[in-house]
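Asker: quick one: sequence and predicted model below, then my questions.
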6 protein chains.
Amino acid sequence: MRILIINPNTTASMTATIADSARRVAGRETEIVAVTSSMGPVSIEGYYDEVFAIPGLLKEIAAGEKEGIDAVVIACFDDTGLDAARALADVPVIGICEAAVSATAFIAQKFTVVTTMERSRLPLEHLVHRYGMSSRCKVRAADIPVLSLEDPNSNARDRLRSEIALALKEDRAEAIVLGCAGMADLTAELRLEFGVPVVDGVAAAVKQAESLVTLGLSTAKRGAYATPILKPYRGMLEVFEPGRLSSS
Amino acid sequence: MRILIINPNTTASMTATIADSARRVAGRETEIVAVTSSMGPVSIEGYYDEVFAIPGLLKEIAAGEKEGIDAVVIACFDDTGLDAARALADVPVIGICEAAVSATAFIAQKFTVVTTMERSRLPLEHLVHRYGMSSRCKVRAADIPVLSLEDPNSNARDRLRSEIALALKEDRAEAIVLGCAGMADLTAELRLEFGVPVVDGVAAAVKQAESLVTLGLSTAKRGAYATPILKPYRGMLEVFEPGRLSSS
Amino acid sequence: MRILIINPNTTASMTATIADSARRVAGRETEIVAVTSSMGPVSIEGYYDEVFAIPGLLKEIAAGEKEGIDAVVIACFDDTGLDAARALADVPVIGICEAAVSATAFIAQKFTVVTTMERSRLPLEHLVHRYGMSSRCKVRAADIPVLSLEDPNSNARDRLRSEIALALKEDRAEAIVLGCAGMADLTAELRLEFGVPVVDGVAAAVKQAESLVTLGLSTAKRGAYATPILKPYRGMLEVFEPGRLSSS
Amino acid sequence: MRILIINPNTTASMTATIADSARRVAGRETEIVAVTSSMGPVSIEGYYDEVFAIPGLLKEIAAGEKEGIDAVVIACFDDTGLDAARALADVPVIGICEAAVSATAFIAQKFTVVTTMERSRLPLEHLVHRYGMSSRCKVRAADIPVLSLEDPNSNARDRLRSEIALALKEDRAEAIVLGCAGMADLTAELRLEFGVPVVDGVAAAVKQAESLVTLGLSTAKRGAYATPILKPYRGMLEVFEPGRLSSS
Amino acid sequence: MRILIINPNTTASMTATIADSARRVAGRETEIVAVTSSMGPVSIEGYYDEVFAIPGLLKEIAAGEKEGIDAVVIACFDDTGLDAARALADVPVIGICEAAVSATAFIAQKFTVVTTMERSRLPLEHLVHRYGMSSRCKVRAADIPVLSLEDPNSNARDRLRSEIALALKEDRAEAIVLGCAGMADLTAELRLEFGVPVVDGVAAAVKQAESLVTLGLSTAKRGAYATPILKPYRGMLEVFEPGRLSSS
Amino acid sequence: MRILIINPNTTASMTATIADSARRVAGRETEIVAVTSSMGPVSIEGYYDEVFAIPGLLKEIAAGEKEGIDAVVIACFDDTGLDAARALADVPVIGICEAAVSATAFIAQKFTVVTTMERSRLPLEHLVHRYGMSSRCKVRAADIPVLSLEDPNSNARDRLRSEIALALKEDRAEAIVLGCAGMADLTAELRLEFGVPVVDGVAAAVKQAESLVTLGLSTAKRGAYATPILKPYRGMLEVFEPGRLSSS
């Protein structure tokens, strides 16, 4: 089984963190193919960045399907482009927010997502609501830029810890979900430190992808995820014309 | 006052229909600037097309702001790119679905959106839910391609009429919302035919835009609509790097 | 276009404030007809007062329709008698709470209404819920009597400012809605002071009324807003018998 | 214990039906005081009639409290004036819709209210939602005028039966709530005919009133049900000025 | 009328408290039959204990029905085994949480349940949600073991008082519901102390049971409360085989 | 990794079907330990049966934990005893309804559970609501006894097919969830027949269990799933006293 994990931002060092987390939990017979998007923002912080991360993501999915991958994981916590990806792909597509929230629901009644920037808090609240968990899951922002997580001189990790402590106290969270793919390498130490389940979406999504493949399940094509209709696209985005992307 | 109305698909004939509808209701001192997006799909039917309609839309918004427009209307009923547009623009941005649903709520307790394609039904249901109207507003699809509305030989308008009749009977709809910008020219005759309020989102959005401008209100920048952060964008989408788009 | 704005309490000085706010935003071709109800309480603070403000309000609506007004605005933030008014009138009827909340939803994801008395807080929460905004909009009371807003010696305006400050901090409100018609004259200075959008329901309702009239939309009469059935009314309220009120 | 049951419409024959239903279930030590409102419409069908039924209702409550009644039942299924009545009265006030829906929730998971006129259906849906039962309780209208229930030559009762049959089949209702005080005398025969629990709101409200009195519970006065504030009322409604009504 | 009140834990001293509370409010013609379950935990604190309290409860219900009781009250605030009891019994079955919450809804818009242990808080929140009151009713735990309420040397009652004070202040609760059958004897003094309605579920349930019996209403058997199907049960629980329990 | 799958009814032939389904999808290094409960009903149809299936289930969990199993699957679609099991066990516990619904949410926006008996429909609707999926997932009953699925002479499978066809047409379901562990062996042929994803809860739960174990996640013990408190249990259920069960 080959699982394609796409980092939809264009920062390759974050892809390395993501791939490590994925490989730590992947099954023996699973091959993790981790790629960095070739176009778009270096980090995804809010609605605007998200838009420009999707074309590169979809390009990698089309390329992956041609090479026979079995499932796709989108490794950004705002589940960038998930709906369009499900319409495009024949294989199952997993967002790391959806996977993390879904897994945590099996082990806790109330939990909290701790993400990076305040401007990502409401978009994540919308996702949590859409995934049916708004009465069980709160979202907090530690007010740290995404890329500061990789900077050894920033205080990002300390702020993350403070926000987790608040979630445990004020939200009575029973478990914590790390709300950014770039936090994946912190999972083990935060579990130890806080003594509660800490969930990394990348790892959760890999297992979810393996599960769906083994179960023989993929996206239903009867509704809004029907394959895109062939039609002309104009201008610089012509290459993404349905049908053309896959065959390019 | 100048209102920029953007048809986010690349079919200029539909822009003409939209501009007509807009001008019919605009105030005497309002100038309607209607533009067709220069890149992306010729019609927006479902999640995939939507992605590729957004860059062209944002490009027109940035250009419009440089020229001093006062408000933006996005003239596609799935409110394509609304969140990113609100983050980008300093002036108010109005989606035609949001405007239509919001206006109808002042005149009816229960109403129904009749849209084109089945694959757009669930995305519109999500919008209606987000706008707080899911207990009052149903969504139906007449199963007609968007561009067939412009084809005099298609039976699209008959299918639309049949679906409206079903909405009045089965949903007990008190009013009908036309769920596609390309239906704007049918409003008057459908009102006459069915004897109930029929709402066109383009017209509703123009009045909403004028209202916000006169009220001196624009998008709050404290939360998720904060202006995009300056950062490098890579690849073919570099031109959309925050800051660069507006100054280009 | 003539818009009838009714102050449903019987305090004429408040009508003056309301009329000022309305005229500041009305279109050049709009005539604002502002009237004070001739019967009922001098201020509307809670459920009981509300009941006795409605007959006077409906009397003004009937009189206005005979004189050919094009739309009605009810200028009390609890949207006093809105449902009965919509059943009575053929022209569109706008409540200032509904208009304010609806307009704010176009410019902010999370916002807060700041009203006068604690006893009005829950009724407004019910309205906000009915308008579909309970997940986005909170309601706070500054604990100030309605008429104290007109008293230069009261500390009402200071308490209002304190509550707005709390809303911005604790609710993370992105915009503020002024929850009483009597606050309309404070809009401009509060915007300046707090640097966020501040929304006055009177102004919002005037623009909403103009919009509906221009759009050719009025209350759907198929459902619960069907015209009242002719039938005998007894006692001191006989004058309000359906049919009789309009022809008196 | 004395329970005041007020028929808020002005049709005395309906009060007789209501009083019979009340006395059939009242405890031995309960005295039922049934009164007909002295002002307002002869039947309450929709939002407009409701407004003009409330002053007469409140007058009877004030009179009743002066005479020492222990609880009030409002015998109209739209729970006319319930909030204002709770603010006015010191004793508990019960609406028959709230009582019926609340009692039925103890014996059935899914049930249906069958009411009279289509124009009352949505107002009752709002009540059911407010009482927390919208996921369990549907509302249907048999399309019969309220007073036709008293007319031996009308087919009102047959239409009621047909609608009950539909509720059992299409809604899978486990129990039926009669959605009009004027249906109270049909309860026994409908139970026999359909073999499911049939709930009459008048009877349910009497027992609820007795329960609250025995439990020593009455309306909390800390929130929106705080006693109305003393203030001038103007015009024909001056008699309802807070404080004055009770002492008149 | 005979009402069977079952204490589903096996602590007889708590049954005495419960019986006292029940008899204080029961009608003159009501006989209260209070029994202690003969099997299971000495107190019910959380999901696990609850499971083992249900068989003993159902055994008492079957025995009671053979002796002709008219209604059943389950006197534990987590409404232990309520669904199974309703399926088993032909007479109405009342849970004290459901009865308390339902009664309080008639006298307050916002209220708070104060229960014993933190581990019972979420299960009670689920109940409150199921009873349709989650937007009106909060749940707090005073962090006191159930049986400590009976221990004169514990500080349980002081902690209960502190939590009530917090509910009044932070939740703006208008009334308090005592969230444990073992608190029933505190009702009167807490009302006096806090000056707000304080509701005891045991008393509320007795009145609800009397009401349903007088109204001639019992559990609808068309849906999920249909009588259990005859079938073999194996092992130590064979005695509970449907049909066998009642006839044993 | 060893996963304990417990059939909580006492019909061993159904356990065989369940074990087959589980082994078909289990990872190479996963050992499936399938056991039949030794006490309780031969099938679980409704609330009453459910109660008596839980003690046997918990006994198997305690025994399994002593033998070092890594996760537990409860193989009955009403997720029998899930909350108590999570409180008891240190390892993760998975219900097949929760697992099926959760997995299907990754591949379809709207889907339908088709279960056996009408009396199980509402309990499953409650579960679906609790799992956050009530706006996306409907529940239908084919009106077939659980054990008839094993009877080659019954028409159970035909009725199941008819109900699936209705779900696809009337609910516009994009995928089907089989609502009974006894349907597991039908998955492959129903997929082929209907051409949509068909989800078996047993298989989904096995993969979910493997995922949680690999992710190092187990039930959070901070809230309502805290380990049961040591206390005396009385009567025939003494053996289930917390602490005693595990050590027996």
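Answerer: On my side now, so go ahead. Numbers count the residues shown, from 1 in each chain, chains lettered A, B, ... in the order given.

Asker: what values do phi and psi take at A:Ala19?
Answerer: When read as degrees, to the nearest 10, the backbone of A:Ala19 gives phi -60, psi -40.

Asker: isn't it right up against A:Ala34?
Answerer: Yes. Counting by CB atoms under 8 Å, A:Ala19 touches A:Ala34, with 3.7 Å between them. For the C-beta atoms, the positions are set from N, CA and C on the backbone; glycine is no exception.

Asker: identify the contacts common to those two.
Answerer: With contacts taken as CB atoms under 8 Å, 6 or more residues apart in numbering or on different chains, the residues that reach both A:Ala19 and A:Ala34 are A:Ile5.

Asker: for chain A, what's the longest helix?
Answerer: Taking residue count as the measure and DSSP state H as the definition, the longest helix of chain A comes out as helix A:47-66.

Asker: figure out how far the next helix or strand after that one is from the centre of its chain.
Answerer: If you walk from helix A:47-66 toward the C-terminus, the next helix or strand you reach (DSSP states H and E) is strand A:71-74. Distance of strand A:71-74 from its chain centroid, counting by CA atoms, centre = their mean, to the nearest Å, is 9 Å.

Asker: now do stretch A:31-42
Answerer: For stretch A:31-42, the distance between its averaged C-alpha position and the chain's averaged C-alpha position is 12 Å (CA atoms, centre = their mean).

Asker: now A:Val146: closest residue in space that isn't a chain neighbour?
Answerer: On the basis of CB to CB, 6 or more residues apart in numbering or on different chains, the spatially nearest residue to A:Val146 that is not a chain neighbour turns out to be A:Ser43, at 4.0 Å.

Asker: so the one you found touches B:Lys231, yeah?
Answerer: Yes. Shown here, A:Ser43 and B:Lys231 form a contact pair, counting by CB under 8 Å, at 6.5 Å.

Asker: what about the closest residue to A:Ala16 other than its chain neighbours, is that helix, strand or coil?
Answerer: Closest residue in space to A:Ala16, ignoring its immediate chain neighbours: A:Ala34 at 8.0 Å, by CB to CB, 6+ apart. Secondary structure of A:Ala34, reduced to three states by DSSP: H, G, I helix; E, B strand; the rest coil: strand.

Asker: and A:Ala34, what does it touch?
Answerer: Each residue near A:Ala34 by CB under 8 Å, 6+ apart is listed here: A:Ile5, A:Ile6, A:Asn7, A:Thr15, A:Ala16, A:Ile18, A:Ala19, A:Ala22.

Asker: are any of these buried, and which?
Answerer: If you count burial by 16 or more other CB atoms under 10 Å in any protein chain shown, the buried members of these come out as A:Ile5, A:Ile6, A:Asn7, A:Thr15, A:Ile18, A:Ala19, A:Ala22.

Asker: just checking, the last one touches A:Val73?
Answerer: So that's A:Ala22. Yes. Using CB under 8 Å, A:Ala22 and A:Val73 qualify as a contacting pair, with a distance of 7.3 Å.

Asker: mutual contacts of these two, please.
Answerer: Contact criterion CB under 8 Å, 6+ apart; residues bridging A:Ala22 and A:Val73 by contacting each: A:Ile3, A:Ile5, A:Val202, A:Val206.

Asker: give the contact list for the third one.
Answerer: Okay, so that is A:Val202. Taking CB under 8 Å, 6+ apart as the contact definition, A:Val202 lies against A:Ile5, A:Ile18, A:Ser21, A:Ala22, A:Val73, A:Ala75, A:Ile96, A:Ala181, A:Ala184.

Asker: where's it, which helix or strand?
Answerer: Using DSSP H and E, A:Val202 sits in helix A:201-215.

Asker: so what's A:Tyr131 closest to, chain neighbours aside?
Answerer: Once flanking residues are discounted, A:Tyr131 sits nearest to A:Val101: 5.2 Å by CB to CB, 6+ apart.

Asker: neighbours of that neighbour, how many?
Answerer: Neighbouring residues of A:Val101 were enumerated by other CB atoms under 10 Å in any protein chain shown; the total is 29.

Asker: may I have the phi/psi pair for A:Cys180?
Answerer: Dihedral pair for A:Cys180: phi -160, psi 130, per degrees, to the nearest 10.

Asker: what's the pLDDT at it?
Answerer: Here, the pLDDT recorded for A:Cys180 equals 95.

Asker: quick check, it in contact with A:Val113.
Answerer: No. With contacts defined as CB under 8 Å, A:Cys180 does not count as touching A:Val113, sitting 9.6 Å away.

Asker: follow-up on the earlier one: any buried residues in the longest helix of chain A, and which?
Answerer: Of the residues in helix A:47-66, those buried under the neighbour-count criterion (16+ other CB under 10 Å) are A:47-65.

Asker: report the distance from that helix to the chain centre.
Answerer: Here helix A:47-66 shows a centroid-to-chain-centroid distance of 13 Å under the convention CA atoms, centre = their mean.

Asker: break chain A into its domains for me.
Answerer: Using automatic domain parsing, the domain parsing of chain A gives A:2-96+A:203-247, A:98-201.

Asker: need those domains in CSV (columns: distance to E:Leu88).
Answerer: As requested, those are arranged in CSV below (distance: least, CB to CB, whole Å):
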stretch, distance to E:Leu88
domain A:2-96+A:203-247, 38
domain A:98-201, 29
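
Asker: from chain F, how far out is whatever residue of chain A ends up closest to chain D?
Answerer: For chain A, the residue positioned closest to chain D under CB to the nearest CB is A:Ser135, at a distance of 14.1 Å. Counting by CB to the nearest CB, to the nearest Å, the separation of A:Ser135 from chain F is 8 Å.

Asker: what do you get for A:Phe77?
Answerer: Counting by CB to the nearest CB, the gap from A:Phe77 to chain F is 16 Å.

Asker: picking up where we left off before, of the domains of chain A, give the one that comes closest to D:Arg191.
Answerer: Closest approach to D:Arg191 among the domains of chain A (CB to CB): domain A:98-201, 38.0 Å.

Asker: got the contact list for A:Lys231?
Answerer: A:Glu241, A:Pro242, B:Pro41, B:Val42, B:Ser43, B:Glu45, B:Asp49.

Asker: from those residues, which two are the most distant?
Answerer: The most widely separated members of the contacts of A:Lys231, counting by CB to CB, are A:Glu241 and B:Glu45 (13.5 Å).

Asker: quick one: which of these two has more around it?
Answerer: In terms of neighbours (other CB under 10 Å), B:Glu45 is the more surrounded of A:Glu241 and B:Glu45; the figures are 24 against 18.
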